[in-house]
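Visitor: fold the following for me, if possible:
(chains A and B)
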Amino acid sequence: MTDSNNRNFVSEIIDEHNESGRFEGRVHTRFPPEPNGYLHIGHAKSICLNFDIAAQYGGLCNLRFDDTNPAKEEQEYIDAITEDVRWLGYDWGDRLYFASDYFDRLYDMAVELIRIGRAYVDELSTDEIREYRGTLTSPGVESPYRDRPIAENLALFEKMRDGGFNEGEAVLRAKIDMKSGNINLRDPVMYRILDARHPRTGDKWKIYPMYDFAHGQSDSIEEITHSICTLEYEDHRPLYDWYLDNIEIFHPQQIEFARLNLSHTVLSKRKLIRLVQEGHVRGWDDPRMPTISGLRRRGYTPAAIRDFCDEIGVGKVKGVVALHKLEYHIRQDLNRRANRVMAVINPLKVVITNYPDDLVEEMEAVNNPEDESAGTRLTPFSKVLYIEGDDFMEDPPRKFFRLAPGREVRLRYAYFITCNEVIKDDSGAITELRCTYDPATRGGAAPDDRRVKATLHWVSAAHAVKAEARLYDTLFSVEYPERDSERDFTEFINPDSMKVVDPIYVEPHLRDAQIGDRFQFERLAYFVVDEDSKPEKLVFNRTVALRDQWRKHQNKAGKKRKQRRKR
RNA sequence: AGGGAAGUAGCUCAAUCGGCAGAGCAGGUGCCUUUGGAGCACAAGGUUAAAGGUUCGAGUCCUUUCUUCCCUGCCA
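Guide: Prediction:
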């Protein structure tokens, strides 16, 4: 389904390169995550872009971890990220790389820059470096250590490497231009001393390269042609280019695109990690999280995520994509692949008064009207049933076509029934409906061609399996939780983002459902079996509700009523 | 003494060399239906941020203006 032949500004740039012969027609990209958190839907956009555009041009895409800061990075994240990229359906072959693989070569490149007089060891403190850097509107001042002799720099850099300095006592800086309007060019730090154990290189290094000094050269080493990154690196491109030009190695093209923003959620690692650490969600893979693992547990499919990324395209305009677009694509995909089943979430007991007490009939039901090969199943029907509470109204408004006193509706794949009596408890709450059925309508069709306006789902009370349902809503109750400058985004967390309903009643054959199985509960929503499920206790996550015209209608009517009242 | 980037329909994006401003989604109106789902049909939606210029012709080229975003980590 995913047809990733979208034209965009990136493919235009590649076309120009192919015409000019800059990379001899080669296209080689990379996806470069830092292993300091879990991947989210925004990363999916980048993953799809990098892998798909390479594939489009018959090229390759590497997976490379940007692991230059051991203070923040962990093996757990490396494993999770690898799994997520693979789950999305992408294959990097044997090209799994780490920036840390290049630490020796990066070190040699730094020495080379010192040798040609373009890098120096600075012993200013962190605060001093910040002061000397100047501001956005005023130039910086050169460090007193800037013009040390090359030999001294060489010796000092070695001393940094060998642990002769403590953290913060010295850095290696590129000698560029303290007066540049681009602050990244005001003698940027190349290496800092970090007293941390690296997940891959262990205790070998005391010094670690900064992102800017590692990324471009890593691209170069891997002979990446198009290094695609997000817009906030636009200001870094001159530095990216400066390192490559001065070290005189293969020079990829950096291209920046607008990262994804999604309504009703947050997509920054810093904020996502807070949601996890402060306990607002149950973990990185909480089904309310916009992480890949969260979406997976929520029941999203790789295809839906890829189609979504394909639809939103790629440009240089920062915007916010409405969440309903993501939901559109998961409905689209699940409509094709999810088997239908009947389940009642808000049960209302129905007794068919003219149905034999002990009779049980097996009704044939279609598993997936969109996919004939999914076949049919048998589901039991008996005298006492549950229907959805929302499918009955004692005093229905116009346009409510479902069950009401004296009205006839169809029970899907079963019979027409007519409601004759409403039983209530002492408080006046409806506890039971007494209905009669028409035996001639078995299977749901009337021999006399009489029509009913609604078809309801149902389960047989004696046969239904009890299960738990987790009904999710948006994690935040506002569209843009980050927009308020006074209030922290966590204040906008939706208190109803998860509602647990236990029990719900599902068709008996669902007893055998396995973790990860996806279903459409007819007329309600798509659900997936959660990993918390046990054979004796199924747990379903609501992936996404079906589009609900009735509710839309109600909301509209409600608004109109309100407006009328205002007048 | 600041540097960088972006403005096309409600949202996300197209528009070939300068040649009738389009699509998907959302919203609207109908149709259909053993899911009020899915599906189908139709209509609507625009001063292309603004002004000026070049041109037979400008979303596209030039000039100016406006708005929004990013940049002062030894994070990436």
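Visitor: strands of the stretch 251-400 of chain A, residue ranges please.
Guide: A:253-257, A:339-341, A:343-344, A:347-352, A:361-366, A:376-381, A:384-388 (DSSP state E, counting those that start in this stretch).
Visitor: for the stretch 401-550 of chain A, what spans make up the strands?
Guide: Along the stretch 401-550 of chain A, the segments classed as strands by DSSP E, counting those that start in this stretch run A:408-411, A:416-424, A:430-437, A:455-456, A:458-460, A:465-472, A:498-506, A:518-521, A:525-529, A:538-545.
Visitor: the third one vs strand A:384-388, what angle?
Guide: Right, the one you point to is strand A:430-437. Angle of strand A:430-437 versus strand A:384-388, following axes from the mean of the first three to the mean of the last three CA atoms, to 10 degrees, is 110 degrees.
Visitor: any bit of strand A:430-437 sitting next to RNA strand B?
Guide: No. Remark: strand A:430-437 sits outside contact range of RNA strand B, by CB under 7 Å from any atom of the strand, the gap being at least 12.9 Å. C-beta here means a position set from N, CA and C on the backbone, and glycine is covered the same way.
Visitor: give me the distance between that strand and the centre of its chain.
Guide: 44 Å (CA atoms, centre = their mean, to the nearest Å).
Visitor: same thing with the fourth one?
Guide: Taking CA atoms, centre = their mean, one finds strand A:455-456 lying 34 Å from the centre of the chain it belongs to.
Visitor: and stretch A:430-441, by the same measure?
Guide: Distance of stretch A:430-441 from the chain centroid (CA atoms, centre = their mean) equals 45 Å.
Visitor: again, but for stretch A:184-200
Guide: Here stretch A:184-200 is found 31 Å from its chain centre; the criterion is CA atoms, centre = their mean.
Visitor: what residues of it count as buried?
Guide: For stretch A:184-200, a neighbour-count test (16 or more other CB atoms under 10 Å) marks A:184-194, A:198-200 as buried.
Visitor: ok, and which of the residues you listed reach RNA strand B?
Guide: The subset of those within reach of RNA strand B, by CB under 7 Å from any atom of the strand, is A:Asn184, A:Pro188, A:Val189, A:Arg192, A:Ile193, A:Leu194.
Visitor: which element is the fourth one on?
Guide: A:Arg192 belongs to strand A:189-193 when assigned by DSSP states H and E.
Visitor: residues contacting that strand, please?
Guide: A:110, A:113, A:119, A:129, A:157, A:160, A:165-174, A:206-210, A:212-213 (CB atoms under 8 Å, 6 or more residues apart in numbering).
Visitor: which regions of the stretch 401-550 of chain A sit below the pLDDT cut-off?
Guide: A:549 (pLDDT under 70).
Visitor: tell me, how many residues neighbour the one residue in it that gets nearest to RNA strand B?
Guide: Per CB to the nearest atom of the strand, the residue of the stretch 401-550 of chain A with the smallest distance to RNA strand B is A:Gly444, at 2.2 Å. Counted with other CB atoms under 10 Å, the neighbours of A:Gly444 add up to 16.
Visitor: which parts of chain A are helices?
Guide: A:9-20, A:41-56, A:75-87, A:103-115, A:126-133, A:150-161, A:211-221, A:237-247, A:269-277, A:292-298, A:302-312, A:323-337, A:549-566 (DSSP state H).
Visitor: who does the strand holding A:Arg192 pair with, and is each partner parallel or antiparallel?
Guide: Strand A:189-193 pairs in its sheet with strand A:171-174 (antiparallel), strand A:207-209 (antiparallel), by DSSP bridges.
Visitor: shouldn't A:Val321 be in contact with A:Arg259?
Guide: No. Between A:Val321 and A:Arg259 there is no contact under CB atoms under 8 Å: 10.9 Å.
Visitor: can you add mean neighbour count, mean pLDDT and distance to A:Gly516 and give the strands paired with strand A:189-193 back as a markdown table?
Guide: Below are the strands paired with strand A:189-193 laid out as a markdown table (neighbours: other CB atoms under 10 Å; pLDDT from 0 to 100; distance: least, CB to CB, whole Å):
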| stretch | mean neighbour count | mean pLDDT | distance to A:Gly516 |
| --- | --- | --- | --- |
| strand A:171-174 | 24 | 98 | 49 |
| strand A:207-209 | 23 | 98 | 40 |
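Visitor: and those: which comes nearest RNA strand B?
Guide: strand A:171-174 (4.8 Å).
Visitor: near RNA strand B, anything from the closest one?
Guide: Yes. Strand A:171-174 reaches RNA strand B (CB under 7 Å from any atom of the strand) through A:Val171.
Visitor: as CSV, the strands of the stretch 401-550 of chain A with mean neighbour count would be great.
Guide: Shown next, in CSV, are the strands of the stretch 401-550 of chain A (neighbours: other CB atoms under 10 Å):
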stretch, mean neighbour count
strand A:408-411, 22
strand A:416-424, 16
strand A:430-437, 18
strand A:455-456, 21
strand A:458-460, 26
strand A:465-472, 19
strand A:498-506, 17
strand A:518-521, 24
strand A:525-529, 25
strand A:538-545, 23
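Visitor: which one of these lies nearest to A:His40?
Guide: A:His40 sits nearest to strand A:465-472 of all the strands of the stretch 401-550 of chain A, at 16.4 Å, using CB to CB.
Visitor: can I get that closest one in CSV? Just the C-alpha atoms.
Guide: C-alpha atoms of strand A:465-472 as CSV (Å, rounded to 0.1, in the frame of the first residue of the first chain):
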residue,chain,number,x,y,z
VAL,A,465,-16.3,-14.5,27.9
LYS,A,466,-15.5,-11.8,30.4
ALA,A,467,-12.5,-9.6,29.6
GLU,A,468,-10.9,-6.4,30.5
ALA,A,469,-10.9,-3.4,28.2
ARG,A,470,-8.6,-0.4,28.4
LEU,A,471,-10.2,2.5,26.6
TYR,A,472,-7.7,5.1,25.6
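Visitor: great, nothing more from me.
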